[in-house]
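Asker: Okay, here's the prediction I keep looking at, along with the sequence it came from:
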Amino acid sequence: MTLPDLPLSTPSLLFPAISLLMLAFTNRFLGLAAVVRGLHANWQATQEPMLLAQIQSLRRRIRIIKHMQTLGVLSLMLCVVSMTLLFFGRQAGGQVTFGVSLILMLASLTLTLVEIQMSGTALDLQLRDVKCRED
């Protein structure tokens with residue numbers, strides 16, 4: 001089975017999407033880093049076990065964001081490789097690297113969904129705690 005020729009412009013379509021995703025990932029990372037610094041300072045002052053549990057949860061989320069960023073960067077790099085191969089007339093190599101790039105982007109987006117779910121769960125737990133105190 002042969003695939004139709006992949007135009008050089010097709011991999012370049014991912015550049016804006018990947019750039020925006022990387023910016024969003026970096027903003028999430030920086031936001032969590034600020035929260036961790038604050039919680040760490042509070043934990044050093046109080047040694048409260050709940051703060052330690054929150055820090056551990058944030059540590060997992062930061063690890064996921066680092067993996068999201070890594071997969072996004074690899075996807076972008078393979079887009080560049082794909083475009084280079086297509087530029088030099090290497091259709092098969094360009095198609096394969098572009099396909100792998102798409103798979104890496106899909107993996108990065110999947111991790112994004114996991115991290116968003118973790119974030120939502122953590123916020124929901126905080127809100128339940130506040131609601132219980134109101135009753």
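Answerer: Sure thing, it's come through.

Asker: Burial check on the closest residue to residue 74 other than its chain neighbours, number of neighbours?
Answerer: Among residues not flanking residue 74 along the chain, residue 104 sits closest, at 5.1 Å (C-beta to C-beta, 6 or more residues apart in numbering). Bear in mind the C-beta positions are built from the backbone N, C-alpha and C, glycine included. Around residue 104 there are 21 other residues, counting by other C-beta atoms under 10 Å.

Asker: Please apply the same query to residue 88.
Answerer: Using other C-beta under 10 Å, residue 88 has 10 neighbouring residues.

Asker: which helices and strands sit right next to the longest helix anywhere in the chain?
Answerer: Criterion DSSP state H: the longest helix present in the chain is helix 91-134. Under the contact definition 3 or more C-beta pairs under 8 Å, 6 or more residues apart in numbering; DSSP states H and E, helix 91-134 sits against helix 9-12, helix 14-46, helix 49-87.

Asker: Can I get these in CSV including distance to residue 114?
Answerer: CSV is the format used below for the helices and strands packed on helix 91-134 (distance: least, C-beta to C-beta, whole Å):
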stretch, distance to residue 114
helix 9-12, 26
helix 14-46, 12
helix 49-87, 6
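
Asker: Alright, that wraps it up for me.
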